[in-house]
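Peer 1: What follows is a predicted structure for the sequence shown.
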Amino acid sequence: MINIGVIGCGKIAQVRHLPEYASHPSVRISGVCDAEKGRAVEVAERYHTKAYASYEDMLTDENVDAVSICTANHSHCEITLKALEAGKHVLCEKPMAVTYAECKEMVETAKRTGRFLMIGHNQRLAKAHIKAKELVEKGEIGRIITFKSTFGHSGPENWAVDKNNIWFFNKSAASFGAMADLGVHKTDLIQFLLSDRIKEVLAVTGTLDKKDNQGNAIGVDDNAICIYKLESGIIGNINVSWSYYGEEDNSTILYGTKGCMRIYDNPDYSIVIEKGNGQKTLYAIDKIQTNDRQDNSGVIDCWVSCLENKIPPEISGEEAFYTMKAVFAALESARTGHIISVDGLEV
């Protein structure tokens, strides 16, 4: 039995980490903690476990084998480092951290302490994305030329537990907005699907609609558009938004020399392959998760399997760092108006 502590009892912990841990036969939830003590107590009672006074107290408990970090972005690095130094394996929510230096230190500390560090990039675990990668590798649509990937919904205020205190909108807590919240998923996904790395970035970000409780524009971006050039020469774009007030869009389209592949772009079929001769192949595999429709993300199953079998996670801190480098390059491009080389960036 693996003893897990959950740090942070917000929405992501309540709809994904905790219920998925609770349903896993190899896991015991050793306890929870949250900056809002009352919330921690309430959640602990729900899962018949302990509410720690602080995450520091949790980390001193020798019975805790690993932790999930489900806190605001700015605290990811600090808590991860302390957990790794305390001998705990760490599953950290995305985005990994808020600076290049923090991400690098997290990777180095995991390596030095011999603990696992996994980042919750769940899109690569979606069944249709796994199948799509397989089809790409088989050459089903030929050589990939370009792509477009979109992730947009109505915003984190419709997701948060405390709708009067949306930390996602607070620059000091979140550091960045839709680009890191949603863009990190699509950035990781493209590199996963194409088995390639992003080389150069041109991006535009903006705060187009979201306002705080006082009616002022929020301090982070609510929309972002990025053009990515990959090491292989593939060029494509990702669009992310917190102001899609209709149906959530979490689609990806790959264009190859023999046709195109539409992933989560059709309500009935999770993959649609269209060939130049008009032939279509339809795959009804699963439905993409949305804020309104949650099911097993695969993250906890993957994480627990790594812990049980003592196998380093595929979505390691080191792997996630490649994604964060591209995200930081996108934000630097948006700031400067220039094309940014991912390898040349160290901020």
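Peer 2: On my side now, so go ahead.

Peer 1: Spit out the contact partners of Asp343.
Peer 2: Asp343 sits next to 199, 325 when contact means Cβ atoms under 8 Å, 6 or more residues apart in numbering. For the C-beta atoms, the positions are set from N, CA and C on the backbone; glycine is no exception.

Peer 1: what stretches of this structure score poorly on pLDDT?
Peer 2: 163, 290-295, 346-347 (pLDDT under 70).

Peer 1: Pick out the residue nearest the middle of it.
Peer 2: By Cα atoms, centre = their mean, the chain has its centre lying nearest to His121, at 3.8 Å.

Peer 1: separation between it and Ile190?
Peer 2: Shown here: His121 relative to Ile190, a distance of 12 Å by Cβ to Cβ, to the nearest Å.

Peer 1: Would you map the helices across this structure?
Peer 2: For the chain, the helices defined by DSSP state H occupy 11-12, 18-22, 37-46, 55-59, 76-85, 100-113, 127-137, 171-174, 178-181, 183-194, 299-309, 317-336.

Peer 1: Rebuild those as TSV, extending it with mean neighbour count.
Peer 2: Below are the helices of the chain laid out as TSV (neighbours: other Cβ atoms under 10 Å):
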stretch	mean neighbour count
helix 11-12	18
helix 18-22	20
helix 37-46	16
helix 55-59	19
helix 76-85	21
helix 100-113	18
helix 127-137	17
helix 171-174	15
helix 178-181	27
helix 183-194	25
helix 299-309	18
helix 317-336	22
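
Peer 1: would you list these in TSV and tack on distance to Asp268?
Peer 2: Shown next, in TSV, are the helices of the chain (distance: least, Cβ to Cβ, whole Å):
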stretch	distance to Asp268
helix 11-12	29
helix 18-22	27
helix 37-46	36
helix 55-59	44
helix 76-85	38
helix 100-113	39
helix 127-137	12
helix 171-174	36
helix 178-181	28
helix 183-194	21
helix 299-309	26
helix 317-336	30
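
Peer 1: how much space between Cys103 and Ala128?
Peer 2: 28 Å.

Peer 1: Am I right that Lys258 is in contact with Gly276?
Peer 2: Yes - here Lys258 reaches Gly276: they are 6.8 Å apart, a contact under Cβ atoms under 8 Å.

Peer 1: circling back: quick check: closest non-adjacent residue to the residue nearest to the centre of the chain.
Peer 2: Nearest residue to His121 in three dimensions, chain neighbours excluded: Asp188, at 4.4 Å (Cβ to Cβ, 6 or more residues apart in numbering).

Peer 1: can you check Ala180 too?
Peer 2: Ala180 sits nearest to Pro95 (Cβ to Cβ, 6+ apart), 4.3 Å away.

Peer 1: In contact with that neighbour, which residues are there?
Peer 2: Residues near Pro95 by Cβ under 8 Å, 6+ apart: 73, 76, 176, 180-181, 184, 324, 327.

Peer 1: Regarding it, what are the backbone dihedral angles?
Peer 2: When read as degrees, to the nearest 10, the backbone of Pro95 gives phi -70, psi 150.

Peer 1: Ok, Glu140 next?
Peer 2: Dihedral pair for Glu140: phi -60, psi -30, per degrees, to the nearest 10.

Peer 1: Compute the distance between the closest residue to it other than its chain neighbours and Leu182, please.
Peer 2: Leaving aside its chain neighbours, Glu140 sits nearest to Ile273 (6.2 Å; criterion: Cβ to Cβ, 6+ apart). Noted for Ile273: a distance of 26 Å to Leu182, by Cβ to Cβ.

Peer 1: what's the answer for Glu36, then?
Peer 2: Applying Cβ to Cβ to Glu36 and Leu182 gives a distance of 25 Å.

Peer 1: The two - which one has more neighbours?
Peer 2: Leu182 (24 against 16; other Cβ atoms under 10 Å).

Peer 1: got the contact list for the more buried one?
Peer 2: 151-153, 240-242.

Peer 1: got a list of contacts for stretch 151-164?
Peer 2: Contacts of stretch 151-164 with the rest of the structure, by Cβ under 8 Å, 6+ apart, involve 9-11, 14, 36, 39, 166-169, 181-183, 185-186, 210, 213, 222, 238-245, 248-250, 290-291.

Peer 1: Now do the end-to-end distance for it.
Peer 2: With Cα to Cα, to the nearest Å as the measure, stretch 151-164 spans 25 Å from end to end.

Peer 1: Show me which residues of that stretch are buried.
Peer 2: The neighbour-count check on stretch 151-164 (16 or more other Cβ atoms under 10 Å) flags 151-157, 159-160 as buried.

Peer 1: Which single one of these is nearest to Thr60?
Peer 2: Lowest distance from Thr60 to those (Cβ to Cβ) belongs to Ala160, with 29.9 Å.

Peer 1: Ramachandran coordinates for the closest one?
Peer 2: According to degrees, to the nearest 10, the main-chain angles of Ala160 amount to phi -60, psi 150.

Peer 1: now swap in the one 5 residues further on and tell me
Peer 2: Dihedral angles phi and psi of Asn165 (degrees, to the nearest 10) take the values phi -140, psi 80.
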